[in-house]
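Asks: sequence unavailable; structure follows:
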């Protein structure tokens, strides 16, 4: 194992969300390719009746971005035992269309160079999934009662990861910024 692969395994263990399962599905998707950088993002969501856990792992190799997402599935009347589903997708770096970063800065007036964001949202698009937001179209005539149909926008939405210093700690945000920087650089070299 390389140092980067060892770091990935340590981060999977630290996340504590089925680390052996996540490592196994990543091993298949990576197919022995070298790990350049990674981001492990565990997330817990609270519903009215249940607590659900997820983990998203992004792994950059010299040629691909490997995305893994694992979800809990609680037992129910059709499935007597709890289960998990693990999905991986390997995207060639040449296929990446966008790496978008939203930095949330807590006190912008007093921001000092080098200070990390309070929150980072990393959105990566490669054209597999898009979100369409529609709204009624209008015209400039305030007295107009005609139906002008709909207008909207289509946004790439293949993977979005939000990391908050308040929820996950400043180290998690720094790790996300470092991964985003490495991914941005890698995606620009493939064009």
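Replies: Nice, thanks for sending it over. What you see is a predicted model; the values in this text were computed from it and never measured.

Asks: run through the chain and note the low-pLDDT ranges.
Replies: 1-3, 128-131, 154-157, 190-191 (pLDDT under 70).

Asks: what's the domain layout of it?
Replies: 5-94+167-189, 101-154 (the TED database).

Asks: so of these, which one's packed in deepest?
Replies: Of these, the one with the most neighbours on average (mean count of other Cβ atoms under 10 Å) is domain 5-94+167-189, at a mean of 16. All C-beta atoms are positioned from the backbone trio N, CA, C, and that covers glycine.

Asks: circling back: would you turn the domains of the chain into TSV with distance to residue 161?
Replies: Below are the domains of the chain laid out as TSV (distance: least, Cβ to Cβ, whole Å):
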stretch	distance to residue 161
domain 5-94+167-189	5
domain 101-154	5
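
Asks: and those: which comes nearest residue 160?
Replies: Among those, domain 101-154 comes nearest to residue 160, with 4.7 Å by Cβ to Cβ.

Asks: helix, strand or coil for residue 12?
Replies: Counting by DSSP: H, G, I helix; E, B strand; the rest coil, the backbone at residue 12 sits in helix.

Asks: list the residues that contact the residue nearest to residue 121 when sequence neighbours are not counted.
Replies: Nearest residue to residue 121, sequence neighbours excluded (Cβ to Cβ, 6 or more residues apart in numbering): residue 102, at 4.1 Å. When contacts are counted by Cβ atoms under 8 Å, 6 or more residues apart in numbering, residue 102 touches 120-121, 123.

Asks: between those, which sits nearest residue 159?
Replies: Of the contacts of residue 102, the one sitting nearest to residue 159 (Cβ to Cβ) turns out to be residue 123, at 7.2 Å.

Asks: what about the most far-flung residue of the chain relative to its centre, which helix or strand?
Replies: Distance from the centre of the chain peaks at residue 143, with 45.0 Å (Cα atoms, centre = their mean). Secondary structure from DSSP states H and E places residue 143 outside every helix and strand.

Asks: that older thread, just how off-centre is the helix or strand encompassing the residue nearest to residue 121 within its chain?
Replies: Residue 102 is part of strand 98-104 when elements are defined by DSSP H and E. Distance of strand 98-104 from the chain centroid (Cα atoms, centre = their mean, to the nearest Å) equals 11 Å.

Asks: give the other helices and strands that whatever helix or strand residue 121 lives in contacts.
Replies: Taking DSSP H and E as the definition, residue 121 sits inside strand 119-125. If you count contacts as 3 or more Cβ pairs under 8 Å, 6 or more residues apart in numbering; DSSP states H and E, strand 119-125 packs onto strand 98-104, strand 159-164, helix 170-189.
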